[in-house]
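>>> Predicted model and sequence below, questions to follow.
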Amino acid sequence: PDPSPQGGGESGRLRLRRRSFLTGAASAAVLAPLPRAWARTQTRIEVAGNRLTYGGQPLRLVGIAVGDPYYIRAGRAASDYVVIARDWAANCVRISVHPGHWRIDPARMDQLLEADVAAARAEGLFVIIDWHAIGFPGGYQPAPPPEWGLPPDVYLSDIALARSFWRHIAGRYGQDPAILLEIWNEPVVDETLWDSTGEHWPVLRAAWEEIVAEIRMRSDNVVLCAGGRFAHDLVGVADNPVSDPRAAYAWHAYPNEDRHLPDRWLRSLDRLHETKPVVVTEWGFCPECSDGLQGSIEDFGRPFIETVLDGFGLGHTAWCYSPGAAPALLAADGATPSDYGAFVRAHLRRLAGRDTGG
């Protein structure tokens with residue numbers, strides 16, 4: 001059965017379906033792809049009020065979340081980043097690492113991540129590296145369905161493991177200012193809480209302070225910090241932000257979140273976008289789904305872009321450049337945009353001043 005609009009136990013399980021790997025593999029802004037030589041420069045992304053800037057100009061990160069290089073991108077070519085940069089006209093990609101995979105074989109995960117980051121940077125793309133943890137120590141501890149073929153602890157991380165991962169990543173990528181560090185994908189302390197209340201923000205903030213301090217020992221790259229409720233709840237963050245001056249904020253948005261509330265997006269943003277940079281590192285909709293991802297261009301895609309993404313000038317990376325990870329930007333052939341993907345592609349091309357064909 002479909003989940004209720006506000007969620008519940010069944011909705012909590014369906015929440016993982018936006019990563020359900022059905023195939024088992026496989027405003028003025030800087031929008032055009034960056035020059036390929038840019039990785040050799042030392043100009044930083046800066047946090048300036050509620051905007052990111054680069055070279056003194058507003059920088060709006062707009063692009064695609066590609067998933068992780070080990071599972072979602074298994075068998076996919078590095079040329080995906082050529083297509084994303086040149087055809088889809090993105091200027092940013094989000095690349096994920098699952099804690100469970102890192103725990104089992106960090107050397108292999110490091111090798112795969114490095115190859116994808118290098119391919120993306122060769123196309124002049126900004127890169128968000130995402131620690132793809134779901135849940136939170138002492139709270140929600142999700143496990144994927146066995147048929148997905150993933151380790152049962154694939155999403156689980158404690159703070160020590162996160163610190164160790166970011167210590168390594170900061171040392172390895174900290175000299176490339178075009179890389180941003182999303183320190184925790186979707187924090188969830190209580191999976192039965194389906195309202196944006198901000199009640200868990202103090203707990204999360206304390207953890208983020210600890211992780212960011214670890215990163216700062218090796219890197220001054222911009223960090224992205226999420227709120228609770230699967231990164232949907234930013235209530236209270238504006239009044240008690242992370243202390244680091246180079247912190248921005250990650251936010252996620254899918255159709256089932258507060259679906260029937262007219263102020264559904266504004267209440268979860270809680271004015272944070274007025275004072276701090278917010279990047280929507282996951283968003284999307286699935287016209288053919290019957291669960292909490294179900295949505296259309298008319299009832300989710302267009303109003304979300306017009307009201308929130310373009311309305312507030314927020315950066316964003318749409319989930320997910322894959323034929324199997326829902327909501328899927330690619331059709332079953334792994335190359336043609338899905339209907340949802342064609343909508344996202346046309347939007348990115350409009351932002352870059354390109355034609356909207358296809």
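Perfect, thanks for sending it.

>>> okay, CA-based contacts and neighbour counts for the rest of this
OK.

>>> Thr192 versus the most centrally placed residue in the chain, what's the distance?
Centroid check for the chain by Cα atoms, centre = their mean gives Thr281 as the closest residue, at 2.7 Å. Distance check for Thr281 against Thr192: by Cα to Cα, to the nearest Å, it reads 23 Å.

>>> ok, now which ones touch the residue nearest to the centre of the chain?
Residues in contact with Thr281 (Cα atoms under 8 Å, 6 or more residues apart in numbering) are Ala65, Arg94, Ala250, Trp251, His252, Gly315, His316, Thr317, Ala318, Trp319.

>>> tell me the pLDDT at the second one?
Per-residue pLDDT puts Arg94 at 98.

>>> What strand or helix carries it?
Using DSSP states H and E, Arg94 falls within strand 92-97.

>>> partners of that strand, with directions?
Applying DSSP bridges, strand 92-97 is found paired with strand 62-67 (parallel), strand 126-131 (parallel).

>>> from the contacts of Thr281, which ones fall inside strands?
Ala65, Arg94, Ala250, Trp251, His252, Gly315, His316, Thr317, Ala318, Trp319 (DSSP state E).

>>> Is the fourth one bridged to anything, and to what?
Using DSSP bridges, the bridge partners assigned to Trp251 are Val280.

>>> ok, now how distant is it from Gly198?
In terms of Cα to Cα, Trp251 sits 13 Å off from Gly198.

>>> Next: the first one.
Using Cα to Cα, one gets 26 Å for the distance from Ala65 to Gly198.

>>> Please say which of these two ends up with more neighbours.
Legend: neighbour count by other Cα atoms under 10 Å for Ala65 and Gly198, higher for Ala65 (24 against 17).

>>> for the stretch 251-358 of the chain, which spans come out with low pLDDT?
356-358 (pLDDT under 70).

>>> ranges for the helices of it?
264-269, 302-304, 310-312, 339-351 (DSSP state H, counting those that start in this stretch).

>>> With mean neighbour count added, can I get those in JSON lines?
JSON lines is the format used below for the helices of the stretch 251-358 of the chain (neighbours: other Cα atoms under 10 Å):
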{"stretch": "helix 264-269", "mean neighbour count": "19"}
{"stretch": "helix 302-304", "mean neighbour count": "17"}
{"stretch": "helix 310-312", "mean neighbour count": "13"}
{"stretch": "helix 339-351", "mean neighbour count": "21"}
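
>>> backbone phi and psi for Trp88, please?
Main-chain dihedrals, Trp88, degrees, to the nearest 10: phi -80, psi -10.

>>> Setting aside sequence neighbours, what's the nearest residue to it?
Arg345 (5.2 Å; Cα to Cα, 6 or more residues apart in numbering).

>>> Report whether Arg172 is found in a helix, as I expect.
Yes: counting by DSSP: H, G, I helix; E, B strand; the rest coil, Arg172 falls inside a helix.

>>> In stretch 275-283, which residues are buried?
By 16 or more other Cα atoms under 10 Å, the buried positions in stretch 275-283 come out as Lys276, Pro277, Val278, Val279, Val280, Thr281, Glu282, Trp283.

>>> taking the residues you listed as a set, which two sit the farthest apart in space?
Within the buried residues of stretch 275-283, Lys276 and Trp283 form the most distant pair, 19.2 Å apart (Cα to Cα).

>>> where's the closest residue to Tyr140 other than its chain neighbours relative to Ala162, distance?
What sits nearest to Tyr140 in space, not counting adjacent residues and going by Cα to Cα, 6+ apart, is Val189, at 5.3 Å. Going from Val189 to Ala162 by Cα to Cα gives 16 Å.

>>> Over to Asp220?
Computed as Cα to Cα, the Asp220 to Ala162 distance reads 17 Å.

>>> what do you get for Thr192?
For Thr192, the distance to Ala162 - Cα to Cα - is 24 Å.

>>> Same question for Gly284.
Taking Cα to Cα, one finds Gly284 at 27 Å from Ala162.

>>> Please apply the same query to Val278.
To Ala162, Val278 is 22 Å away according to Cα to Cα.

>>> Let me see the contact set for Arg44.
Tyr54, Gly55, Pro177, Ala178, Asn221.
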